[in-house]
Each structure stands twice: as C-alpha cells, then as structure tokens.
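# sequence and predicted structure, then a few things I'm wondering about:
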Amino acid sequence: MTVNKKFNQKISTVLLILFFFVIACSDVKNQTQAPVSEKPPVLKKQRLEYGINCEDLLLIKDTVQPHQNLSDILSKFNVPNDVIHTVALSSRAIFDVRKIQAGNRFCIISTMDSNKKVRYLVYEINPVDYVVFKLEDPVTTSLEKKPVCIETKTVSESIESSLWETLTEKEIDTELAVKLSEIYAWTIDFHHLQKGDSFQAIFEKKFIKGKPIGLGRVKAARFYHKDRFYYAFYFDQDNHGSYFDEHGNSLQKTFLKSPIKFSRITSGYSKRRFHPILKKYKSHFGIDYAAKTGTPIMSTGDGVVVRIGYDSSNGRYVKIKHNRIYTTQYLHMSRIARGIKPRVKVKQGDIIGYVGSTGLATGPHVCYRFWKNGRQINPFKEDIPSVGPVNKDDRQNFNQKMAGLKQQLDALSISRVVANSR
C-alpha cells in the first residue's frame, strides 16, 4: 500500500507540473500575438496645396487685375477691413503688399460651409516663389518656394542668321539666347555674328510638377566666332559665381560690347559718313544701334554721371565718366531714366535711359560714343581690360571642373558634325 501511494503521488506531481507548463506557454503565445480584433489606425486623407492641407477647404484661383490691390482682392471675399489692415501691417517685414502686380496669380483658400470664411490668401510672386497670408488669429505671413526639379540639358547648333532666330527655328527656349548674350557680352559682338558661327551649351532647365518654368544656370558654353573658340565656364569663388575661359581668365570686361540688347548696328564709327538729314559728308565718331522706341539703354560700365541734357543735334543724352581714362555718351534718348542726374553713381548694366529719335535722327536708335584720355575712339578696336582671374587657391578646383565640362562641350561639337554628315 505504501509503495502504491508513493507512486500515485509522483504521478500527480508530474501531471501538475505539465499542467502549469501548458498554461505558461499559452500565456506567452497570447502575449506575443496581437489580438485579431484590433485594427490599424485610419489616417485622415490630405490634399496638399502650397504646403497646406486643403482636404476640407475650398480653393479659388484667379489672376490679379490691373490696379487691383490686397484690399480689393480680399474685400471681394467678405474679409473684414480690420483683418485686411492687420494683414497689410504685419506682413511688411516679410512682403510689402504694395508690390502685388497685375497678371500674377493668387489663390483664396476658405471653408466649404455656407460662410466660406477665408483662411488663407496665397500670392504667387513668380512661378517658384509665393507668399502665404494666414488670415486666422494669429495672422501670419510666410515666404515659400515650390519644389523645383532641375535637369541638365545640352545644345549644339550652327548660326544661320542670328542667335535668337536660330533658337526659335530649332524650337529651343530663347531665354538661352539672353543668357548667352549676357555671358559673352564683353567678348562677342552679337550684332556681327556670321553664317557658319556655332555654339554648344550645357545648361539647366527647371520644372515644377513636370511643367517647364524656364532655364537655370548655364554651366558651360563654347562659341565659334571669327575663326576662334570662346569658352565660358561657370565657377563659384569668394561666395560669388562668374564665368571664366579655359585658362581661368574672367569673361567679364570693364565695358559691355553694346548699350542695348538684341539690336542692329545701322552706322559704325567713321571719319567720313554721309549724314542722312544734313545731306553732306561728315565724321561720325559713334556707333548707332537701331531699336524700338522705349528700349532700355544700359551703362556699359561702372561710373559717375557727369552730364545729362538736350540739344538740337544730339537730342536727350547722358554722359558717364568711368575712370581717369574712359568716358561714354548715349544720344537721341526718348527719355532719361528716373534718378539719373549728375554725380549719380551707376553700375554696369544699369538702365540710364530709353531709345528714341530726339535731335538729328531719322529713326529710333542710340548713338554710343566712347572716349579714351579725352579722345573719341572706336570701342570695337580698343583692347578692353578684364576683371581678375580665378584665385590661385581655387585654380586646382577650377581646372578639375573645367576639364570635365570642356570635354562634354567638345564632344557635343563632334556629335553635331557627325549628325549633319549623315
């Protein structure tokens, strides 16, 4: 009896241990597995416009009309005058609402209920930059940018007539013509391009949501003109970007080649020219650039205005002294630009007046005159000095970047020749 009793006790103990082991395993399993009935959280849908969640809001997009201001825009959507005043006042440090321009787009973002209370006004400064006016308390203003995608593009073309017409015929953005003319403004006279001249360029093209919005920076270019190549490479040094040739010399000169963009020369520098009005031969110590009345005239270099005026021969004119050596003068203006008067400092490219036909002129143009040491000369025959080259400390970095871009430009030229020969 004693032996059976001890055996039964052992059996009971083993069974009890097994029972608790099964219970423990079951608890561990339950803890490691999520309950079947538990569901993941539901995320609320978002519809982002200008960085704002507009899922439950109403958007009204429109264009600023002539003479329309902030008050006119918001009053139309029943925004109280005191709110408009607060917006105009508080936004001054961020954006001056007086700079809202006709033709630019804006967007009213309001509630969708019957009140249609305006919560935001978004004003587009340009295709990239925009201002967000938050009209709810507290009223705030912020400058924002749309995400821009930049792609690198290349082009290689021959000139048939002009750079502008070549790009137009090839359906290439003519903004590239403007950029190239600015890069080479000191080295190439774009009024004297010849048939057979050619160019290659590596440039950036900007997109917003797949839509092209213009060009970015021209990274490098090569122009073939008058039997020589002109290279241009963008390089950033001293927190300032500029263009240099393959030897590291700056393309920027002390003077621009022309006081106006995309015009044509109708009369050059001559000691004996037949005057169309006076009907006699006389000297013409200037370069005539024909352009539409009102075309902006730029100062070709940094300097100080020494004289403005009007006379029966030269019409309205501006004279600028650049340094102890050089002086320039611009004749036959329709009007002189605001703020241009004696002793005013001007920078290269500043607008000093507008093309006209005042004085002895048969049509709208600007006569550009150039003095060296008090004697009038032909600016096209003057060896104009350049701005400084690439810094010595930056030369190795420049050479590395330039070499890669130059190889691409030269390869573009070869591919164009191969394509044309097929």
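Received the coordinates, thanks.
# in this structure residue 177 contacts residue 169, no?
No: if you go by C-beta atoms under 8 Å, residue 177 and residue 169 don't touch, sitting 11.9 Å apart. Where you see a C-beta, it was placed from the backbone N, CA and C, and this is true even at glycine.
# more neighbours: which of these two?
residue 177 (21 against 11; other C-beta atoms under 10 Å).
# quick one: low-confidence parts of the stretch 301-422 of the chain?
414-422 (pLDDT under 70).
# where along it do the strands fall?
303-311, 315-321, 326-336, 345-346, 351-355, 365-372, 375-376 (DSSP state E, counting those that start in this stretch).
# what does the fifth one contact?
Spelled out, it's strand 351-355. The contact list for strand 351-355 (C-beta atoms under 8 Å, 6 or more residues apart in numbering) reads 260, 291-299, 305, 316, 318, 320, 330, 332-337, 340, 346, 364-366.
# ok, now the second one?
For strand 315-321, the external contacting residues (C-beta under 8 Å, 6+ apart) are 299, 301, 303-311, 327-336, 340, 346, 352-353, 356-361.
# count the residues that sit near the closest residue to residue 351 other than its chain neighbours.
Closest residue in space to residue 351, ignoring its immediate chain neighbours: residue 296 at 4.5 Å, by C-beta to C-beta, 6 or more residues apart in numbering. The number of residues packed near residue 296 is 16, by other C-beta under 10 Å.
# helices of the stretch 51-200 of the chain, start to end?
Here the stretch 51-200 of the chain has its helices, by DSSP state H, counting those that start in this stretch, at 70-75, 81-90, 163-169, 175-183.
# so can I have CSV of those showing mean pLDDT and distance to residue 135?
Output for the helices of the stretch 51-200 of the chain, formatted as CSV (pLDDT from 0 to 100; distance: least, C-beta to C-beta, whole Å):
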stretch, mean pLDDT, distance to residue 135
helix 70-75, 96, 8
helix 81-90, 94, 6
helix 163-169, 84, 45
helix 175-183, 88, 36
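# CSV please, covering these and showing distance to residue 370.
Shown next, in CSV, are the helices of the stretch 51-200 of the chain (distance: least, C-beta to C-beta, whole Å):
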stretch, distance to residue 370
helix 70-75, 47
helix 81-90, 48
helix 163-169, 24
helix 175-183, 20
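# ok, and what's touching stretch 238-254?
183-184, 186-187, 217, 230-235, 301, 322, 326, 384-391, 395, 398-399, 402, 406.
# if we go to 7 Å?
Contact with stretch 238-254 is made by 183-184, 186-187, 231-235, 301, 384-390, 395, 398, 402, 406, as judged by C-beta atoms under 7 Å, 6 or more residues apart in numbering.
# equivalent analysis for stretch 156-167, please.
Against stretch 156-167 from outside (C-beta under 7 Å, 6+ apart): 170, 174, 176-177, 180, 190, 193, 195-200, 262, 412-413, 415-416.
# filter those to the buried ones?
174, 176-177, 180, 190, 193, 197-200, 262, 412-413, 416 (16 or more other C-beta atoms under 10 Å).
# just to revisit the earlier point, buried subset of the contacts of stretch 238-254, written for PyMOL?
Applying 16+ other C-beta under 10 Å to the contacts of stretch 238-254, the buried members can be selected in PyMOL as follows:
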select buried, resi 183+184+186+187+231+232+233+234+235+301+384+386+390+398+402
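# correct me if wrong: residue 188 contacts residue 231.
No: applying C-beta atoms under 7 Å, one finds residue 188 not in contact with residue 231, separated by 11.7 Å.
# which of the three states applies to residue 221?
Three-state call for residue 221 (DSSP: H, G, I helix; E, B strand; the rest coil): strand.
# right, and it touches residue 181 too?
No: when contacts are counted by C-beta under 7 Å, residue 221 is not listed as touching residue 181 (11.1 Å).
# which one of those two has more residues nearby?
Here residue 221 and residue 181 are compared on neighbour count by other C-beta under 10 Å; more neighbours surround residue 221, at 25 against 17.
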